[in-house]
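# Below are the sequence and a predicted model for it; my questions follow.
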Amino acid sequence: MSATESKTTAKTPGLFRRLTTPVIVSCAVTFALLISFNVLLHVGAATSQRRQMIYRLNHLPQGINVTFLGNSLMEAGCDLSAFSEAAFNSNSSACLNLALGATSPVEHCLILERGFRNPSFCPKYLIYGFFDDQLNARVTGHFTDLVGNRALSYYFPQEAASLYEENSFLTPFRFWLIGHLPMFLERSSLWAKVELLRRKVEEIGMPPHKTNRFGRVDDFAALEAADLPAFVETCNKILQSHRGLSLPVQRMLKLAHDHGTRVFIVEMPMPAHHRNTFYSSPVWEQMRTHLQSLIQSSGATYLSASDWVSDDSCFQDATHLNENGAKVFSSRLGKTLSDENHPIAPAVAAF
């Protein structure tokens with residue numbers, strides 16, 4: 001080997017180190033930043049509603065007699081004290097509201113499944129609130145769908161995946177992976193704060209938008225169908241295809257049956273605009289009949305309560321009851337379930 005070749009060979013390791021060291025340092029810094037970002041997101045989301053729900057499910061009280069379940073309509077519309085006073089002439093200690101806003105029947109089923117894992121949780125009655133086509137609508141679980149409280153699905157990857165795509169191998173793994181990466185799992189917690197800041201800046205020098213415990217009042221108008229033709233089209237598709245209850249609703253009913261829990265499916269109170277525009281249409285009468293048949297064949301009881309609160313001042317937006325409305329609805333619900341027409345007693349269902 002010549003002297004020149006020997007010098008070249010000796011310089012090669014040093015050159016390699018000089019080229020790779022910046023790359024290694026950059027990767028290490030990036031990795032550290034990602035870890036820090038994920039840790040901060042995880043800690044910052046500790047007070048999110050879904051994390052609070054997980055905590056509640058892990059610390060369920062004993063002796064629960066009645067459990068309420070659903071989305072924000074039931075979360076806002078349930079007054080435990082008013083219900084208990086009307087139904088049992090007692091306090092609300094034996095009642096529990098597990099409703100969670102901005103969720104679908106999939107999350108409701110996951111909540112109920114997790115609850116029943118606790119041996120001490122065995123309510124005699126389950127009261128589930130819904131509106132419009134919620135009981136029949138197909139629920140999707142794409143990455144863009146599972147944000148906010150719907151990200152609860154990621155905490156139960158196997159169970160949630162079976163409700164979206166049965167017999168899928170990749171979906172449970174995808175849910176599990178996202179559930180262990182806060183930058184994806186908790187992404188909505190960060191963007192929610194950004195959106196709140198954006199709205200505050202937007203309102204500078206402008207009249208403030210009306211808000212309630214769930215957010216801007218105007219936002220909840222989007223929960224309704226765009227117009228009557230759109231509502232009629234949605235209902236007709238369900239009726240013409242004889243579509244049954246969605247898989248998560250079916251599973252909830254079977255879970256309740258297997259645990260000896262009687263189920264009441266409640267068509268939640270709606271303001272006059274919603275009732276007069278949508279529920280007074282002939283297609284909703286057909287839908288109601290269809291739903292009643294499906295519910296009764298599943299061994300549950302259907303309650304049409306959409307007109308129980310006729311005073312629109314009892315609503316805080318286009319769909320949610322306010323505090324007074326919740327008392328009116330819950331009191332009537334308690335009386336209805338305790339009278340001779342709907343006695344609160346175990347029912348037999350066939351599955």
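That came in fine, so what should we check first?
# At which residues are the helices of this structure located?
3-44, 49-58, 72-77, 80-88, 105-116, 157-164, 170-179, 182-185, 187-202, 228-240, 247-258, 272-274, 282-297, 323-338 (DSSP state H).
# Could you dump those into CSV and include mean neighbour count and mean pLDDT?
Heads up, the C-betas are built off the backbone N, CA and C, glycines and all. As requested, the helices of the chain are exported to CSV (neighbours: other C-beta atoms under 10 Å; pLDDT from 0 to 100):
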stretch, mean neighbour count, mean pLDDT
helix 3-44, 11, 72
helix 49-58, 16, 94
helix 72-77, 25, 96
helix 80-88, 20, 92
helix 105-116, 24, 97
helix 157-164, 20, 94
helix 170-179, 16, 94
helix 182-185, 18, 90
helix 187-202, 13, 68
helix 228-240, 15, 96
helix 247-258, 20, 97
helix 272-274, 16, 96
helix 282-297, 16, 97
helix 323-338, 20, 95
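# what about residue 266, distance to residue 89?
In this view, residue 266 and residue 89 are 21 Å apart by C-beta to C-beta, to the nearest Å.
# Oh, that last question was meant for residue 78, not what I typed.
Taken as C-beta to C-beta, the span from residue 78 to residue 89 is 18 Å.
# neighbour-wise, which of residue 266 and residue 89 wins?
residue 266 (26 against 9; other C-beta atoms under 10 Å).
# The more buried one bridge partners, please.
In this entry, residue 266 is beta-bridged to residue 129, residue 303, by DSSP bridges.
# who touches it in this structure?
Counting by C-beta atoms under 8 Å, 6 or more residues apart in numbering, residue 266 touches 74, 127, 128, 129, 130, 303, 305, 333.
# Repeat that for residue 60.
Per C-beta under 8 Å, 6+ apart, neighbours of residue 60: 96, 115, 118, 120, 121.
# Same check on residue 315?
Residue 315 touches 271, 309, 321, 322, 325, counting by C-beta under 8 Å, 6+ apart.
# Identify the residue nearest it in space, chain neighbours excluded?
Distances taken as C-beta to C-beta, 6 or more residues apart in numbering put residue 271 closest to residue 315, at 4.8 Å, once the chain neighbours are dropped.
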